[in-house]
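In: Have a look; sequence and predicted model below, questions after that.
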Amino acid sequence: MNDISNIYYGPLPPDSPYVKPFRFHYTQNGKEKSWDLLKVHDSVSIVILNTSRQKLVFVRQFRPAVYHGLVCAEAGDDGRSIDMKKYPPSLAVTLELCAGIVDKPIPLIEIAREEILEECGYDVPVERIEEVISYRSGVGTSGSLQTLFYVEVTDGDKVPSGGGGVDDEIIEVAEYSVEEARKLLQKGNVLTSPPSFLFGVLWFLTNRVHANSPQQ
């Protein structure tokens, strides 16, 4: 995952299947205004609890946007001046919920089921997946919709061929006890995790910990 080299920046091609920038014009209280936005895919994320071992199942992956946020002050216009000894790629490996973009015309719960299998290796029917809440992310740039799901899995749901992502994805599965997850939310922590991860963990601790407490 950390074997990364030859980092540089380039202009966004107009045929990007993931991000389309545009300018939004409007009139507010008689004054003309504009705002630069990004059209991106909606997404799903899933809080996964392995009840066989009472472990929350997360994923780790290298995120270029996080890396750029860390190095942008010293990277130059094209990124070629990055000191990778000072800024190793491991700094931008995030801890996240299992998640994926909505890029096909199927129910969101089916997309969630696919992501659980592809990223974490658990094959579960949609009947066991619970839809929790939908909310808007990136409200200053994209306003895309993300839907949070919850599922309980067992060791018996694990399939040998699943997990780790598909195609060119490099994803590492990480398991945390409830107490380890709780410590992530302690005051003063600085994390590379996105807000959706923190929200998902907080939702679980608020709504599901007591239901599973006899096994903890």
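Out: Yep, that arrived.
In: Distance check, residue 157 against residue 93.
Out: Separation of residue 157 from residue 93 (Cβ to Cβ, to the nearest Å): 26 Å. Every C-beta, even on glycine, is put in place using the N, C-alpha and C of the backbone.
In: With adjacent residues omitted, what lies nearest to residue 182?
Out: residue 205 (6.1 Å; Cβ to Cβ, 6 or more residues apart in numbering).
In: and if you look at residue 40?
Out: residue 142 (4.7 Å).
In: Give me the number of neighbouring residues for residue 27.
Out: Neighbourhood size, residue 27 [other Cβ atoms under 10 Å]: 8.
In: pretty sure it is in a strand, no?
Out: Yes: counting by DSSP: H, G, I helix; E, B strand; the rest coil, residue 27 is located in a strand.
In: rewinding a little: more neighbours: which of residue 157 and residue 93?
Out: residue 157 (21 against 17).
In: wait, residue 46 sits on residue 146?
Out: No: Residue 46 is beyond contact range of residue 146, at 11.0 Å (criterion: Cβ atoms under 8 Å).
In: Give me the common contacts of these two.
Out: Common neighbours of residue 46 and residue 146 (criterion: Cβ atoms under 8 Å, 6 or more residues apart in numbering): residue 99.
In: Which of these two has more residues huddled nearby?
Out: The residue with more neighbours, out of residue 46 and residue 146, is residue 46; 27 against 23, by other Cβ under 10 Å.
In: The helix or strand where the more buried one lies packs against which elements?
Out: Assessed by DSSP states H and E, residue 46 sits inside strand 43-50. Here strand 43-50 touches strand 55-62, strand 98-101, helix 108-115, strand 129-137, strand 144-153, helix 195-207, going by 3 or more Cβ pairs under 8 Å, 6 or more residues apart in numbering; DSSP states H and E.
In: Indicate which one of the ones you listed is closest to residue 38.
Out: Taking Cβ to Cβ, strand 144-153 is the member of the helices and strands packed on strand 43-50 nearest to residue 38, at 8.6 Å.
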